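Colleague: pasting the structure only:
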DNA sequence: CCAATTAAACTCGTCCCACGAGCATAAGGT
DNA sequence: ACCTTATGCTCGTGGGACGAGTTTAATTGG
């Protein structure tokens, strides 16, 4: 392993980052954005072609002048495997540096036992490894729980104990990047979804409990050990109520299906998500009142987080979308009332996520692409070509 | 203005960043940290010497081997002026690239009118500009209020209307970097204070109200318009109490002098800071109970923010330090009780800030040094030598 | 259909910088 | 004195960014 020369692949990396973030971008556009001279653009693309990182195809002409080329992933270039582990199913996609999915699939778990599920993921990694060989550079994984140094610390919806996720890639030796699903769907929104272009974005998602992320310049604030973004466990709620997480007064106790059941004086549901969906379909006054209470708690909390973080935009995922839709005026009132005065002139828009079911997989793909297009990663790849 | 060649001063910038963040660092240490070969180190330091950015002085020998040299700012090198605007006074310091203060001073405001204060700052900028000429590259300013694009939006302690801070440097044409004082003291802690080395640090400061910042890799999360970090206005408190900020149930209503007065059933103080200090000096049971209540609210809230952000460390400034010290067990209990279970094994330490009164000035200096040591800034300087 | 126009790609030569190899130097240790 | 050790210095090489000049492939207009 010869150490890589400093700055060697700097510009090449910059180019690939553009290609991965704006798929279908042309060479001329990249050169403009990076303020590269045409000679440098020629040179760097040639170099990237030589090491099988890019191919160029003629771009449809746009008016006068010599037509430029579209930069695309090389058919023998590096790829990543993105995985999305969910409560009852899992999905996978093979991604190339231009962010296109070479293949993807979705399967249900036969058993929910952690060993079975992880071994399925492991088999998928090994299948991809066989198929793509050394082209497979990294595996990224979105999982529904708190993640810390590639370990799943707690996964309420799966009811698993603490778990080392690296077993999934252990036998292949491919690096693993694991992330929380809510965090990664936030990344997807910030990169290519409703929060695209935002410098600071706050993403909140309600499923069983409430998760989220603060995303700054496309990078999630992961915290010291990757457990950042647990906004559901901030004490916005009733301090006398204790939460399974160990704390008291957690916000998510006021938001999800369990809160609806409490307001409706029904017994705590086994599946709070399905229960919440059912309540949202009801048309009686009691249900409407319960939903309004929950939506008010949601709006107030979001306003508090907007005060704290001053985001450009807030995006909502999961049940937060139908909840808000079911009581829009309650939401608006609570949100505005909770903002500091100077925010009220132009409150950050609260938008529905656009990637919805694909969010975590798209976010995992984005994280993997960050890895693939980083300078050291490119330098290593180039040295092996 | 010839555009700067890409990567031209990359390594030089890396070296200067080390010098500014670890004053007194040796050439050999820089080379080790940056994994530079000795030849590259020789070359880059020579280049930096030629353009009057560094000087080298023999370092005290450390055992065997040829002694190395300490890297210091060049006596004719670029400098920055850091300013700290406070309620009753202001301070200034001239900083060189090795983070040393060439001079500093502290003066009281004669009048609190914004025009008078700003004109004093302006005069100081002009004095420095006369003294240092083209060596003065940037002015940074810490101010006690919400700052947005170099405008002071609201400054509760100064009672000023919205204000353009760029007037301070307008006549000299030197770039201005303005920032919130709590944010900048957080930066100082994260760079060279109690949170040094932390990837994610949360800094909270209690004065009149509560402010703070989330600092990730030494960079504060400023938000869309620079108003990020208003943790005092997150609804951790009693939702029936409304806050002057416009929201309800704000955390800082439970923390500062106003909260103490409420608990003691005394009238709201004109100067909550002085009032809190007075209560902290009292020895009666009622005062102790009031302090304990406030400290419990502080600990609970901090725990919630730790859940949300998963910081490596939390630093406290201002009144938060004596408050916690006055009711240490209350704090500890509330803090631990508010954490999610998995944080309790190794809860992030909550430390007292070490820069205390110097925080904002040190933070402003750090921000200015970031500018001075950036690649474009160095390239521009070098081109002018 | 053939210039003229236009935008972009290509070629060449230069400059700058990182670094490996080998040598020189200044300490402490024996 | 001489060895050991860590570091600095010199020289030569190679890569990459880019300016200047040239070529190419499209549209536009006669």
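Modeller: Perfect, thanks for sending it. Please read these numbers as outputs of a predicted model, since none were measured by experiment.
Colleague: part of a strand, is residue A:99?
Modeller: No - going by DSSP: H, G, I helix; E, B strand; the rest coil, the assignment for residue A:99 is coil, not a strand.
Colleague: Burial check on it, number of neighbours?
Modeller: Residue A:99 has 21 neighbouring residues, counting by other Cβ atoms under 10 Å in any protein chain shown. Yep, even glycine has a C-beta here, placed from its N, CA and C like the rest.
Colleague: can you pull the contacts of it?
Modeller: Residue A:99 makes contacts with A:19-21, A:23, A:365-366, A:369, as judged by Cβ atoms under 8 Å, 6 or more residues apart in numbering or on different chains.
Colleague: mind redoing it with 7 Å?
Modeller: A:20, A:23, A:365, A:369 (Cβ atoms under 7 Å, 6 or more residues apart in numbering or on different chains).
Colleague: Most neighbours of all those, which one?
Modeller: Counting by other Cβ under 10 Å, top hit in those: residue A:365 with 33 neighbours.
Colleague: phi, psi of that one?
Modeller: Phi and psi for residue A:365, reported as degrees, to the nearest 10, are phi -60, psi -40.
Colleague: do you know how far the residue lying closest to residue A:155 once chain neighbours are set aside is from residue A:230?
Modeller: Counting by Cβ to Cβ, 6 or more residues apart in numbering or on different chains, residue A:145 is the residue found nearest to residue A:155 once chain neighbours are left out, at 3.2 Å. Remark: distance between residue A:145 and residue A:230 (Cβ to Cβ, to the nearest Å) = 10 Å.
Colleague: So the two - more neighbours on which side?
Modeller: residue A:230 (31 against 24).
Colleague: which other residues reach stretch A:318-331?
Modeller: A:204-207, A:273, A:276, A:280, A:291-292, A:294-296, A:298-299, A:316, A:352.
Colleague: So is the helix or strand hosting residue A:45 next to DNA strand D?
Modeller: Assigning secondary structure by DSSP states H and E places residue A:45 in helix A:38-50. Yes - legend: contact between helix A:38-50 and DNA strand D by Cβ under 7 Å from any atom of the strand is shown at A:38-40, A:43-44, A:47.
Colleague: quick one: average pLDDT of that helix?
Modeller: When pLDDT is averaged along helix A:38-50, the result is 95.
Colleague: who's in contact with the following helix or strand past it?
Modeller: Next along the chain after helix A:38-50, taking DSSP H and E as the criterion, comes strand A:54-58. Residues outside strand A:54-58 that contact it (Cβ under 7 Å, 6+ apart): A:27, A:45, A:48-49, A:67, A:69-75.
Colleague: Most neighbours of all those, which one?
Modeller: Neighbour counts for the contacts of strand A:54-58, by other Cβ under 10 Å, peak at residue A:71, which reaches 28 neighbours.
Colleague: Would you mind getting the angle between the helix or strand where that residue lies and helix A:38-50?
Modeller: In the assignment (DSSP H and E), residue A:71 maps to strand A:69-73. Angle between the axes of strand A:69-73 and helix A:38-50 is 30 degrees (criterion: axes from the mean of the first three to the mean of the last three Cα atoms, to 10 degrees).
Colleague: how much does strand A:69-73 deviate in direction from strand A:54-58?
Modeller: Going by the same axes, to 10 degrees, strand A:69-73 makes 150 degrees with strand A:54-58.
Colleague: List the contacts of strand A:69-73.
Modeller: Applying Cβ under 7 Å, 6+ apart, the set of residues contacting strand A:69-73 is A:19, A:24-27, A:30, A:54-59, A:96-98, A:100.
Colleague: likewise stretch A:165-174?
Modeller: A:118, A:121-122, A:125-126, A:129, A:136, A:138-139, A:141, A:143, A:150-152, A:176, A:178.
Colleague: Also stretch A:334-349?
Modeller: Outside stretch A:334-349, the residues that touch it by Cβ under 7 Å, 6+ apart are A:296, A:299-300, A:302-304, A:306-307, A:311-314, A:350, B:146, B:153-154, B:230, B:233, B:235, B:245-248.
Colleague: Kindly supply the PyMOL command isolating those of those that are buried.
Modeller: One line in PyMOL is enough to select the buried ones among the contacts of stretch A:334-349; burial here means 16 or more other Cβ atoms under 10 Å in any protein chain shown:
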select buried, (chain A and resi 296+299+300+302+303+304+306+307+311+312+313+314+350) or (chain B and resi 146+153+154+230+233+235+245+246+247+248)
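Colleague: Which members of the contacts of stretch A:334-349 occur in strands, if any?
Modeller: A:313-314, A:350, B:146, B:153-154 (DSSP state E).
Colleague: in stretch A:342-354, what's buried?
Modeller: Here stretch A:342-354 shows A:342-343, A:348, A:350-354 as buried, counting by 16+ other Cβ under 10 Å.
Colleague: coming back round to it: and which of the contacts of residue A:99 is nearest to DNA strand D?
Modeller: residue A:20 (18.1 Å; Cβ to the nearest atom of the strand).
Colleague: For the closest one, which non-adjacent residue is closest in space?
Modeller: residue A:369 (4.4 Å).
Colleague: so how far is residue A:103 from the one you found?
Modeller: 16 Å.
Colleague: With residue A:318 instead?
Modeller: 27 Å.
Colleague: Who has more neighbours out of these two?
Modeller: Neighbours of residue A:318 and residue A:103, each counted by other Cβ under 10 Å, are more numerous for residue A:318; the result is 24 against 12.
Colleague: For the more buried one, grab phi and psi.
Modeller: The phi/psi pair for residue A:318 (degrees, to the nearest 10) is phi 60, psi -140.
Colleague: and it, what are its bridge partners?
Modeller: With DSSP bridges as the criterion, residue A:318 is bridged to residue A:206.
Colleague: Show the buried residues in the contacts of stretch A:165-174.
Modeller: The buried subset of these - by 16+ other Cβ under 10 Å - is A:118, A:121-122, A:125, A:129, A:136, A:138-139, A:141, A:143, A:150-152, A:176, A:178.
Colleague: Where helices are concerned, which of these count?
Modeller: A:118, A:121-122, A:125, A:129 (DSSP state H).
Colleague: Can you lay out those residues as a markdown table showing distance to DNA strand C?
Modeller: Below are these laid out as a markdown table (distance: Cβ to the nearest atom of the strand, whole Å):
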| residue | distance to DNA strand C |
| --- | --- |
| A:118 | 40 |
| A:121 | 38 |
| A:122 | 38 |
| A:125 | 34 |
| A:129 | 32 |
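Colleague: For the residues you listed, could you give me TSV that also reports distance to residue B:9?
Modeller: Output for these, formatted as TSV (distance: Cβ to Cβ, whole Å):
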residue	distance to residue B:9
A:118	48
A:121	45
A:122	47
A:125	42
A:129	42
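Colleague: ok, of the residues you listed, which one's closest to DNA strand D?
Modeller: residue A:129 (28.7 Å).
Colleague: out of everything not next to it in sequence, what's closest to the closest one?
Modeller: Using Cβ to Cβ, 6+ apart, the nearest residue to residue A:129 is residue A:172, at 4.6 Å.
Colleague: Residue ranges in the stretch 101-250 of chain A under the pLDDT threshold?
Modeller: The model of the stretch 101-250 of chain A has no residue with pLDDT under 70.
Colleague: residues in it within reach of chain B, list them.
Modeller: A:146, A:153-154, A:199-200, A:214, A:216, A:221, A:223-225, A:227-228, A:230-231, A:233-236, A:245-248 (Cβ under 7 Å from any Cβ of the partner chain).
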